[in-house]
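Enquirer: Sequence below, structure please.
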Amino acid sequence: PFSTDDNPLLMIYKRRQFFQKLSRGGSALALTPFFQTLRVHGAGTEEALPKRFVFVVKSSGIDKFNLVPKGLENHFVNPDDHKKLGNRGRREGPLVDVALADYKLPEKLASLETLKDRLTIIQSLSGVGFRGNHTKGFGTLSLHDSEKVAVAPTLDCILGQHLSTGPYPMYGMAMSGQLLESAGWKPEDSYCYPNLSAYGTAKPVAYQGSPRKAFLELFGAAIASPKELEKKVALNGNLMDFLTEDARRVEKQLSGDDKERFAQYMDSFDSLRKIEEKKAALTDRIKKYAPEQTGRFDSTAPSGRIESHFEIASAALIAGLTNVITLRPDTLGVKYSELGLTNSVHALGHLQDNKASNGWTGHQARMEIEKLHLQQIAKMAKKFADIPEGNGSMLDNTMIVYMSCSSGDHHCAGHDWPVILLGGMGEKLKAGRYLEYPKYGSKGHRTVGNFYLSLMQAAGMKTSDSFGQLDSNLKDLELKGPLQELMVG
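Expert: Take a look at the predicted model:
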């Protein structure tokens with residue numbers, strides 16, 4: 001972050017550099033948070049700057065052994081032959097807490113090298129005690145035994161309801177709602193349910209699969225006439241009025257669980273009406289800051305679909321349509337043909353040292369897929385870093401979280417769940433660190449629940465001592481509160 005008090009010349013230079021970039025086109029999008037924060041900055045209330053989260057949740061695990069910075073001892077490989085250890089294979093050892101500035105990032109994270117002062121790598125957190133074969137499902141972000149049926153609110157929805165003032169508390173985009181491969185697999189072209197986000201018990205969130213439809217849903221005001229928008233809002237209002245009157249008659253005839261289910265059904269219509277009303281209030285901003293529609297929005301290639309989702313997600317956050325985005329870049333059925341692979345992500349997860357269709361080992365193929373995701377994360381972060389906000393940039397108040405629904409391996413026991421953080425949360429979380437906790441069951445070991453508490457507290461939420469289901473195998477360990485090594489102060 002830069003400050004006029006610390007270095008006024010630097011501030012002038014950065015502002016000038018920023019506006020030079022604006023003059024080269026595609027700039028209107030970047031101005032939204034800047035003007036939004038002029039008042040906050042002028043009042044000296046940096047704490048009031050908006051906080052945002054992007055959760056990028058891939059399938060099939062994130063490999064741990066190739067996340068260790070060069071020069072550090074790698075506890076995830078055999079010291080004799082340097083081969084990858086299993087999911088519970090971290091060697092014994094104390095907490096590792098070092099500055100990334102002292103080390104070079106591994107090959108997998110090369111795209112983040114210039115951003116490593118904003119980067120934190122966390123290893124050896126656990127999430128055990130809830131089932132999941134290839135995925136923890138809803139349990140990924142709720143930390144409950146909830147693979148296929150939502151039984152508790154998920155972290156992204158909790159944060160979204162706390163932070164978002166726009167039409168959507170959170171917004172999700174996914175490659176597909178189907179986890180495993182099927183004959184003739186292809187990306188979704190409409191809404192899907194990846195079993196990842198939920199507002200509560202039996203309240204799953206539908207994700208948009210089609211970039212084109214996501215654009216129309218989020219930025220439809222950019223291409224609709226004022227008359228069309230007015231008609232749409234009026235129609236939604238009239239429909240809700242009609243349903244409300246009709247609902248009163250139906251509700252009188254119901255009791256018990258049926259009455260409660262009917263109330264939830266009606267709430268969904270009311271939520272849609274409120275979304276449209278909030279979008280109508282943002283019409284001018286949406287028109288001004290909508291991303292350019294391109295042919296890539298219709299691509300079925302995984303890399304094209306992923307790039308489009310990231311582009312739309314960035315624009316939605318900048319325009320204030322939501323403060324929380326969750327992206328599902330792939331599922332087990334995806335085939336990254338642009339990488340020369342005919343193997344599905346599922347098949348690659350079983351290859352290990354065996355060769356994939358293009359000659360890579362399974363480990364290398366998995367790394368190349370993760371690199372593809374990380375390149376888009378780096379691109380998003382650099383876009384946010386170029387947007388002035390308060391005394392710093394939008395990236396200072398936006399946290400990108402890269403993780404997997406399958407912890408640290410293809411089959412998800414959950415004993416080691418790696419997480420990559422990029423960005424900031426108003427200087428509430430430390431950055432530029434490599435954190436590796438003692439292995440599962442050892443003194444000093446910590447859980448994903450402790451990590452989620454850290455994010456919630458950094459976002460300004462009051463929390464209890466724990467999040468999600470507790471692991472009975474760790475009852476003798478001290479597992480209350482956030483990760484102190486991650487928190488500032």
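Enquirer: Which other helices and strands does the one helix or strand Ser314 maps to contact?
Expert: Assigned by DSSP states H and E, Ser314 belongs to helix 302-319. Here helix 302-319 touches helix 28-42, strand 52-58, strand 171-174, helix 211-219, helix 283-289, strand 324-328, helix 362-385, going by 3 or more CB pairs under 8 Å, 6 or more residues apart in numbering; DSSP states H and E. Quick note: C-beta positions are derived from backbone N, CA and C, even for glycine.
Enquirer: centre of the chain versus it, how much separation?
Expert: 12 Å (CA atoms, centre = their mean, to the nearest Å).
Enquirer: Among the helices and strands packed on helix 302-319, which comes closest to Met456?
Expert: Met456 lies closest to strand 52-58 among the helices and strands packed on helix 302-319, at 10.3 Å (CB to CB).
Enquirer: OK, contacts around the residue nearest to the spatial centre of the chain?
Expert: Per CA atoms, centre = their mean, the C-alpha nearest to the average position across the chain is that of Phe55, at 0.7 Å. Going by CB atoms under 8 Å, 6 or more residues apart in numbering, Phe55 touches 141, 155-156, 324-327, 401, 403.
Enquirer: same thing but at 6 Å, please
Expert: 156, 326, 401 (CB atoms under 6 Å, 6 or more residues apart in numbering).
Enquirer: ok, now Leu180?
Expert: Contacts of Leu180 by CB under 6 Å, 6+ apart are 332-333.
Enquirer: and if you look at His309?
Expert: 173, 327.
Enquirer: Do you know the pLDDT at it?
Expert: At His309, the model reports a pLDDT of 97.
Enquirer: Same question for the one 10 residues further on.
Expert: Predicted confidence (pLDDT) for Ala319: 89.
Enquirer: now the helices and strands packed on helix 302-319 in CSV, with distance to Lys480 and mean pLDDT?
Expert: Formatted as CSV, the helices and strands packed on helix 302-319 follow (distance: least, CB to CB, whole Å; pLDDT from 0 to 100):
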stretch, distance to Lys480, mean pLDDT
helix 28-42, 34, 51
strand 52-58, 23, 98
strand 171-174, 31, 97
helix 211-219, 39, 91
helix 283-289, 42, 73
strand 324-328, 26, 98
helix 362-385, 31, 97
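Enquirer: between these, which one is nearest to Asp97?
Expert: helix 362-385 (22.6 Å).
Enquirer: hang on, Thr201 packs against Val151?
Expert: Yes. The pair Thr201 / Val151 is scored as a contact, 5.5 Å apart, by CB atoms under 6 Å.
Enquirer: Please say which of the two ends up with more neighbours.
Expert: Per other CB atoms under 10 Å, whichever of Thr201 and Val151 has more neighbours is Val151, with 16 against 13.
Enquirer: coming back round to it: any idea which of the contacts of Phe55 is the one closest to Asn133?
Expert: When these are compared against Asn133 (criterion: CB to CB), the nearest one is Thr326, at 21.7 Å.
Enquirer: which residues touch the closest one?
Expert: Residues near Thr326 by CB under 6 Å, 6+ apart: 55, 156, 172, 197.
Enquirer: sorry, back to before: can you say which of the helices and strands packed on helix 302-319 is nearest to Asn74?
Expert: The nearest among these, by CB to CB, is helix 362-385 at 13.7 Å.
Enquirer: Next, the buried residues of that closest one.
Expert: In terms of neighbour count (16 or more other CB atoms under 10 Å), helix 362-385 has its buried residues at 362-370, 372-378, 380-381, 383-385.
Enquirer: How about stretch 127-135?
Expert: Across stretch 127-135, burial judged by 16+ other CB under 10 Å covers 127-130, 132, 134-135.
Enquirer: Can you pick out the most distant pair from the residues you listed?
Expert: Of all pairs drawn from the buried residues of stretch 127-135, the greatest distance, 17.6 Å, lies between Gly129 and His134 (CB to CB).
Enquirer: Name the helix or strand for Lys480, please.
Expert: Counting by DSSP H and E, Lys480 is found in no helix or strand.
Enquirer: Identify the residue spatially nearest to it, adjacent ones excluded.
Expert: Excluding the flanking residues, the one nearest Lys480 by CB to CB, 6 or more residues apart in numbering is Asp465, at 4.1 Å.
Enquirer: Would you quantify the distance from that neighbour to Leu486?
Expert: 16 Å (CB to CB, to the nearest Å).
Enquirer: Ok, Thr165 next?
Expert: According to CB to CB, Thr165 and Leu486 sit 27 Å apart.
Enquirer: Of the two, which one has the most company?
Expert: Leu486 (23 against 10).
Enquirer: Which secondary structure state does the residue nearest to Gly424 when sequence neighbours are not counted sit in?
Expert: Residue nearest to Gly424 in three dimensions, not counting chain neighbours: Asp396, with 4.2 Å by CB to CB, 6+ apart. In three-state terms, and counting by DSSP: H, G, I helix; E, B strand; the rest coil, Asp396 is helix.
Enquirer: Neighbours of Asp396, how many?
Expert: Counted with other CB under 10 Å, Asp396 comes out at 23.
Enquirer: Retrieve the pLDDT associated with it.
Expert: We have a pLDDT of 97 for Asp396.
Enquirer: Surely Tyr440 and Trp417 touch.
Expert: No. Using CB under 6 Å, Tyr440 makes no contact with Trp417, being 10.1 Å away.
Enquirer: So these two - more neighbours on which side?
Expert: Remark: of Tyr440 and Trp417, Trp417 carries more neighbours, 29 against 22, as counted by other CB under 10 Å.
Enquirer: and the more buried one, backbone torsions?
Expert: Phi and psi for Trp417, reported as degrees, to the nearest 10, are phi -120, psi 90.
Enquirer: and it, what does it touch?
Expert: Per CB under 6 Å, 6+ apart, neighbours of Trp417: 125, 127, 407-408, 448.
Enquirer: right, and out of those residues, which lies closest to Ala316?
Expert: Closest approach between these and Ala316, by CB to CB: Val448, at 26.3 Å.
Enquirer: Test my guess that that closest one contacts Gly127.
Expert: Yes. Shown here, Val448 and Gly127 form a contact pair, counting by CB under 6 Å, at 4.1 Å.
Enquirer: From the contacts of Thr326, keep the buried residues only.
Expert: Applying 16+ other CB under 10 Å to the contacts of Thr326 flags 55, 156, 172, 197 as buried.
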